[in-house]
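**Q** Got a sequence here, can you build the structure:
(one chain, ligands or ions: 1)
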Amino acid sequence: MKNFTTKAELQQYLAQLKAKGAIIGFVPTMGALHRGHLSLITKAQQQCDVVVCSIFVNPTQFTDPRDLEIYPRPLQDDIKKLELVNCDILFNPGVDEMYVGNEQWHLDIGELEGLLEGKFRPGHYQGVTQIVYKLFNIVKPDVAFFGQKDYQQFMVISRMIKLLNMSVKLVMCPIERESDGLAMSSRNMHLTPDDRQHALILSQTLNDLKLNFDSDKINLLKQEAMSTINNVPGVELAYFEIADGDTLLPANEHTKHIIALVAATVGKIRLIDNVIIKNKD
Ligand code: PAF
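**A** Now for the predicted structure:
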C-alpha cells in the first residue's frame, strides 16, 4: 500500500493512474478502522480500479473539544488492517496539510444541516462538508463510499455535490453490526461493559419498530420507542425520529421512504444508529 501524507505527492501519483484511465474509488475516514470501514473498502474495490482511503481526524467537525481529544488514533493498527484488505493508497495528512490556520469559511447547504444531528451538534456538518470538499478536490475520485450509519452525513454530502455540481458519484453501504446488533463505531471501544450492554437498546428499539411498523401510528410508535430507550439506565436519549428518508423531516402516513434514526449518550459516549423502515417502491 502506498502511504502519502502530502497533497502534492498524492495528486502526482493519482495523476499517473488517471492518465491510464483508472477509475478512482475513495473511502474517507477518521481512522480507528473497524469492519464497517473495511466493508467500504471492499465495496470500493468491486467498483473501482484503485482505492484511496484517507485517515484524518478532522478537528472542525467536533463540537466538543473533549471528544476530539479522546478520539482514538491507532494509526499502526489501521495501516495493518488496510494492508490486509489490499487497499491501494492511504492518505494520512496532518492538520497543517489540510488547513491554512483557523479557516473561517463554510458551505451553506440549507436546512438539512440543522436537523437531527445538526441540532444537537451545531456546526458539525459545516466541518464535515469543509473537509470532504477539500478531500474530494485533492483526490478527485470517480466514486466515494460512505456508510449508512451516518445517514444524515450521506444526505449532507449528496446535497453538497448537487449544489456545487461536483462530478463524484456517492455510494451508501449498509451498516455493519456486532453479532448482538450494536452498530459498529470507532466510539464503541470507549464503552464500559455495562454501557455496551445498555447501548443495545438502540438497535433493539429500531428493529422492534421496523417489525411492528404501522404508518397510521407513527406518533404513538415514536413515543413508545422514546420511552423504551429512556427507561434504560445510563442512556440519555438525544432524539428518536421517524423521518422521511429524502428530507429527514418527520414522516407521516403518506411518506413513501421512511427511516428511523436515533442518537443517545450511553455513559459518556454519544452513539447514533438508524434503520430503513420502508423503501420508495
Ligand atoms: O464519517 C467520517 O468518518 C467523517 O465524518 C468523514 C466523512 C471522514 C469526514 O471527516
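**Q** quick one: pLDDT of the residue in the stretch 151-281 of the chain that the ligand sits nearest to?
**A** Of all residues in the stretch 151-281 of the chain, the one sitting closest to the ligand is residue 153 (5.8 Å; C-beta to the nearest ligand atom). Every residue, glycine included, has its C-beta placed from N, CA and C. In this prediction, residue 153 carries a pLDDT score of 98.
**Q** quick one: it from residue 189, how far?
**A** Separation of residue 153 from residue 189 (C-beta to C-beta, to the nearest Å) stands at 20 Å.
**Q** who has more neighbours, these two?
**A** Between residue 153 and residue 189, counted using other C-beta atoms under 10 Å, residue 153 has the larger neighbour count: 20 against 12.
**Q** Which residue is the nearest non-sequential neighbour of the more buried one?
**A** Excluding its sequence neighbours, the residue lying closest to residue 153 (C-beta to C-beta, 6 or more residues apart in numbering) is residue 128, at 5.9 Å.
**Q** in what helix or strand does that neighbour lie?
**A** Mapping residue 128 onto the secondary structure by DSSP states H and E places it in helix 124-139.
**Q** ok, residues contacting that helix?
**A** For helix 124-139, contacts defined as C-beta atoms under 8 Å, 6 or more residues apart in numbering pick out 7, 10-11, 14, 24, 26, 28, 52, 54, 56, 58-63, 91, 98, 103, 105-107, 109, 112-113, 117-118, 144, 152-153, 156-157, 160, 164, 166, 168.
**Q** sorry, back to before: could you measure from the residue nearest to residue 153 over to the ligand?
**A** Computed with C-beta to the nearest ligand atom, to the nearest Å, the distance linking residue 128 and the ligand is 5 Å.
**Q** Next: residue 58.
**A** 4 Å.
**Q** Was I right to think that residue contacts residue 31?
**A** No. Under the contact definition of C-beta atoms under 8 Å, residue 58 does not touch residue 31, with a separation of 10.7 Å.
**Q** Any idea how many residues pack against residue 79?
**A** Tallying neighbours of residue 79 according to other C-beta under 10 Å, which is how burial is gauged here, yields 18.
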